[in-house]
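Colleague: Quick one: sequence plus predicted model below, questions after.
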Amino acid sequence: MAVKHSTIESTLERGKYFSGCIYASFWIVFYLAILIPILALIFTIVYAFGGIDIKYPDGVLQLTIPSGIAIIIAALWFRFLILKTIRYRQNIELWLGDAVLLYAHVKEIDRKLQGRPSTICIEASFRYNKKKIAKQSGCWHKGLFKKKYDLVFRKYAGHQVKILYSPAYDQVLFPKQNLISPTSSEIKIREDK
């Protein structure tokens, strides 16, 4: 099946998938939005109390050292995020190698109420080679199953959705798709049947 990684919206194991540029750009903006005000506040407080005298080279050095350290930390963090995204993309490309298009019924099995909106854990049930398979979001780590909670899973819960299933790697991928919630009349018709 010739499907590109860019058509994948999320995976059952890891949740939302962002392409490298979008993901890196998001974190760069996020980090700069936090880093710049914090550094400005620290320098303002230190300067206000006479800790730094900008007129002399020592004061300028005192300003540049923390700024340089913050920039180096940011660069290392961006490198980590970009490498993580590249590994995720490579895994998705590997899983797509033998993926088959199926339909799965997705239901919510757990919810985290931390913050708003809440994230959920889901279970996808589908048939492959005449066998019913039910897989929860998450992965096995050191012999224990760790549930994966993600906001994107709310989109799939309670729907029959397209999935790409990789039997060799036992992975479920969700391609980008438009899901429309059923209207109350459609729900009533389904209940009457």
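Modeller: Nice, I can see it.

Colleague: which of the residues in the lengthiest helix in the chain are buried?
Modeller: Taking DSSP state H as the criterion, the chain has its longest helix at helix 57-96. For helix 57-96, the neighbour count (16 or more other CB atoms under 10 Å) marks Q62, L63, A70, A74, L81, T85, Y88, R89, N91, I92, W95, L96 as buried. In this view, the C-beta of every residue, glycine as well, is placed from N, C-alpha and C.

Colleague: Same check on stretch 156-176?
Modeller: Y156, A157, V161, I163, L164, Y165, S166, Q171, V172, L173, F174, P175.

Colleague: need the strands for this structure, in chain order.
Modeller: Ranges of strands in the chain, per DSSP state E, are 8-11, 15-16, 100-112, 119-128, 131-136, 138-141, 144-147, 159-166, 171-175.

Colleague: With K16 as the reference, measure out to V161.
Modeller: 15 Å (CB to CB, to the nearest Å).

Colleague: no, scratch that, I was asking about C139
Modeller: Taken as CB to CB, the span from C139 to K16 is 15 Å.

Colleague: could you dump the strands of the chain to JSON lines with mean pLDDT and distance to P37?
Modeller: Converted to JSON lines, the strands of the chain look like this (pLDDT from 0 to 100; distance: least, CB to CB, whole Å):
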{"stretch": "strand 8-11", "mean pLDDT": "85", "distance to P37": "32"}
{"stretch": "strand 15-16", "mean pLDDT": "82", "distance to P37": "27"}
{"stretch": "strand 100-112", "mean pLDDT": "91", "distance to P37": "29"}
{"stretch": "strand 119-128", "mean pLDDT": "92", "distance to P37": "27"}
{"stretch": "strand 131-136", "mean pLDDT": "93", "distance to P37": "40"}
{"stretch": "strand 138-141", "mean pLDDT": "81", "distance to P37": "36"}
{"stretch": "strand 144-147", "mean pLDDT": "85", "distance to P37": "35"}
{"stretch": "strand 159-166", "mean pLDDT": "92", "distance to P37": "41"}
{"stretch": "strand 171-175", "mean pLDDT": "91", "distance to P37": "37"}
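
Colleague: could those strands be laid out in a markdown table, adding distance to I38?
Modeller: Output for those, formatted as a markdown table (distance: least, CB to CB, whole Å):
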| stretch | distance to I38 |
| --- | --- |
| strand 8-11 | 32 |
| strand 15-16 | 27 |
| strand 100-112 | 28 |
| strand 119-128 | 27 |
| strand 131-136 | 39 |
| strand 138-141 | 33 |
| strand 144-147 | 32 |
| strand 159-166 | 42 |
| strand 171-175 | 37 |
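
Colleague: got a list of what S67 touches?
Modeller: The contact partners of S67, by CB atoms under 8 Å, 6 or more residues apart in numbering, come to L39.

Colleague: quick one: pLDDT of it?
Modeller: S67 is assigned a predicted lDDT (pLDDT) of 71.

Colleague: what's the burial count for Y128?
Modeller: Neighbours of Y128 under the rule other CB atoms under 10 Å: 12.
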